[in-house]
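>>> this one's sequence-less:
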């Protein structure tokens, strides 16, 4: 399918409308008009724009409890909130720089005057004054500095939301992984017990002279291998438990209680995916953060450009000087306009503007890179989701048929035609089919979680700006 150039909207025009300096172009992206991977059936699926609390709809209380605990205390979110506070303070400082400054100055002096042949005269003086200055924003440099600070605040807020989405997805994926791991360990324990039983039967057969040493060695090796796989699986479950303890900040005993064994994996609600990649990308907070940084960089190019023009500062002072204990006073005032004309700086200002422009170009490349990565992540999640959905039906059918075969073998064993060896082989085949089905179900749930993350977790620019701290 041929790709058509699409421009993702970046509010750079507003910057250019009130600035002196070069106008920056929004980076163009070559995006296909639609996703190539199969989209999930709409049905009762939840729209991607309503995913903010999607993980609340898992039919597993552990997901809800652990995600909420992680989002309440995770250091990554604390750092993101601190960066928001820093950006907000920077924005306020940039805004304050556009207004006049006024300072109250108090000064006390004691000095001596002495004429030849006369005694020294000691004089005391106390002065107070109000000094004010105001740099006029003739070429928009201050205005553009405020715009850059505002854009950086928006970037930090979007990064905070992106961290929330990433953290929720990581916790949910670990819960699903632990659920699947525990279920797999239980199945592997049954498999190991079956192989131990087969090994015991083989030893009985060799005592009766119906089997060889090779058969016993093979059955014992199979049993030992099964036992080590159980140990490996249990260790993996413990690793996932430790991860959830670190993510949530809860005591391990509390996390273990939340992860009490269940018969089924969490089943999230389906997600409806917009067919147009450009629309889907507009819902990702990480791309919104880079977009805001791009706006800030464009404004800083104009700040550097304005610094190459003259600067006019209005200054003034009004005060009073009181001499000799209050018997004499002198009122003072002054007005001092100051015009600064850049004449020669060795190319410093020009280099600073070139550096700001290079920073913008770097961010434009980063934006295109992140956009491509976002499309790739969405496409990959869709492919895995579709494949797992198609595989699950066959895996479930295979598990049912192997289970029927196992029960039929049990009936044949009771009736006499089948041996215990055949029964245990049938049991292990049924357990292997259940393990395969469990793995496919886990992959499908993880694909839904990856799709939730790839679609931005329900982030929306307008709503996010209102809800951001």
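That came through fine. Values in this document were obtained by computation on a predicted structure and should not be read as measured data.

>>> confirm that residue 37 lies within a helix, as I assumed.
No - Residue 37: not assigned to a helix; according to DSSP: H, G, I helix; E, B strand; the rest coil it is coil.

>>> quick one: the strands in this structure, in order.
Secondary structure of the chain, counting by DSSP state E: strands at 4-7, 28-31, 46-47, 101-113, 121-136, 271-272, 311-323, 328-340.

>>> need the pLDDT of the closest residue to residue 73 other than its chain neighbours.
Nearest residue to residue 73, sequence neighbours excluded (Cβ to Cβ, 6 or more residues apart in numbering): residue 249, at 4.5 Å. Every C-beta, even on glycine, is put in place using the N, C-alpha and C of the backbone. On the pLDDT scale, residue 249 is placed at 94.

>>> mean pLDDT lowest for which of the strands of the chain?
strand 4-7 (a mean of 40).

>>> what's around residue 342, how many residues?
Using other Cβ atoms under 10 Å, residue 342 has 12 other residues around it.

>>> return the distance of it relative to residue 143.
Separation of residue 342 from residue 143 (Cβ to Cβ, to the nearest Å): 19 Å.

>>> the stretch 201-350 of the chain: helices as residue ranges?
213-248, 252-258, 277-281, 285-306, 348-415 (DSSP state H, counting those that start in this stretch).

>>> save those as JSON lines, and put in distance to residue 69 too.
Formatted as JSON lines, those follow (distance: least, Cβ to Cβ, whole Å):
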{"stretch": "helix 213-248", "distance to residue 69": "4"}
{"stretch": "helix 252-258", "distance to residue 69": "9"}
{"stretch": "helix 277-281", "distance to residue 69": "30"}
{"stretch": "helix 285-306", "distance to residue 69": "22"}
{"stretch": "helix 348-415", "distance to residue 69": "26"}
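
>>> show me what contacts the closest residue to residue 389 other than its chain neighbours?
In space, and not counting its chain neighbours, residue 389 is closest to residue 444: 6.2 Å by Cβ to Cβ, 6+ apart. Applying Cβ atoms under 8 Å, 6 or more residues apart in numbering to residue 444 gives the contacts 385, 388, 389, 392.

>>> now, of those, which are buried?
The neighbour-count test (16 or more other Cβ atoms under 10 Å) applied to these identifies 385, 388, 389 as buried.

>>> nearest spatial neighbour of the first one, skipping sequence neighbours?
Right, the one you point to is residue 385. residue 447 is the one closest to residue 385 (Cβ to Cβ, 6+ apart), at 3.9 Å.

>>> quick check: the one you found vs residue 88, distance?
Between residue 447 and residue 88 the distance is 38 Å, computed by Cβ to Cβ.

>>> same check on residue 360?
Residue 360 sits 23 Å away from residue 88, going by Cβ to Cβ.

>>> out of the strands of the chain, deepest packed?
With neighbours defined as mean count of other Cβ atoms under 10 Å, the strands of the chain peak in mean count at strand 271-272, which reaches a mean of 20.

>>> rewinding a little: so for residue 360 and residue 88, which sits in the more crowded spot?
Legend: neighbour count by other Cβ under 10 Å for residue 360 and residue 88, higher for residue 360 (23 against 17).

>>> could you report the pLDDT at that one?
Confidence score, pLDDT, at residue 360: 94.

>>> so what's the nearest residue to it once chain neighbours are set aside up against?
Excluding the flanking residues, the one nearest residue 360 by Cβ to Cβ, 6+ apart is residue 297, at 4.0 Å. Taking Cβ under 8 Å, 6+ apart, we find residue 297 in contact with 148, 356, 359, 360, 363.

>>> in stretch 338-357, what counts as buried?
In stretch 338-357, counting by 16+ other Cβ under 10 Å, buried: 349, 352, 353, 356, 357.

>>> ok, stretch 188-205 next?
Neighbour-count burial for stretch 188-205 [16+ other Cβ under 10 Å]: 188-199, 201-202, 205.

>>> where's the dip in pLDDT among those residues?
Across these, the smallest pLDDT goes to residue 205, namely 66.

>>> how about low-confidence regions in the stretch 151-300 of the chain?
Residue ranges of the stretch 151-300 of the chain with pLDDT under 70: 205-215, 275.

>>> how about 80 then?
200-219, 272-280 (pLDDT under 80).

>>> cool, and the stretch 351-469 of the chain?
In the stretch 351-469 of the chain, residues with pLDDT under 80: 414-421, 458-469.

>>> could you rerun that using 90?
Scanning the stretch 351-469 of the chain for pLDDT under 90 picks out the ranges 406-427, 452, 455-469.

>>> hang on, the earlier thing: and the two most separated of the buried residues of stretch 338-357?
Between any two of the buried residues of stretch 338-357, the greatest separation by Cβ to Cβ is 12.8 Å, found for 349 and 357.

>>> and the gap between the residue nearest to residue 267 when sequence neighbours are not counted and residue 248?
Once flanking residues are discounted, residue 267 sits nearest to residue 59: 5.4 Å by Cβ to Cβ, 6+ apart. In this view, residue 59 and residue 248 are 19 Å apart by Cβ to Cβ.

>>> neighbour count: those two, which is higher?
A count of neighbours by other Cβ under 10 Å puts residue 248 above the other of residue 59 and residue 248, at 25 against 12.

>>> ok, and the closest non-adjacent residue to the more buried one?
Residue 248 sits nearest to residue 69 (Cβ to Cβ, 6+ apart), 4.1 Å away.

>>> what about the one you found, how many residues nearby?
Counted with other Cβ under 10 Å, residue 69 comes out at 19.

>>> same thing with the one 4 residues further on?
Counted with other Cβ under 10 Å, residues neighbouring residue 73 total 13.

>>> and it, how far from residue 247?
Distance, residue 73 to residue 247, by Cβ to Cβ: 10 Å.

>>> one more: residue 238?
15 Å.

>>> what do you get for residue 69?
8 Å.

>>> please enumerate the helices of the stretch 51-200 of the chain.
So, for the stretch 51-200 of the chain - with DSSP H, counting those that start in this stretch - the helices run 61-73, 75-96, 141-207.

>>> right, and residue 178 touches residue 238 too?
No - because the distance of 9.5 Å does not satisfy Cβ atoms under 8 Å, residue 178 is recorded as not touching residue 238.

>>> appreciated, that's everything.
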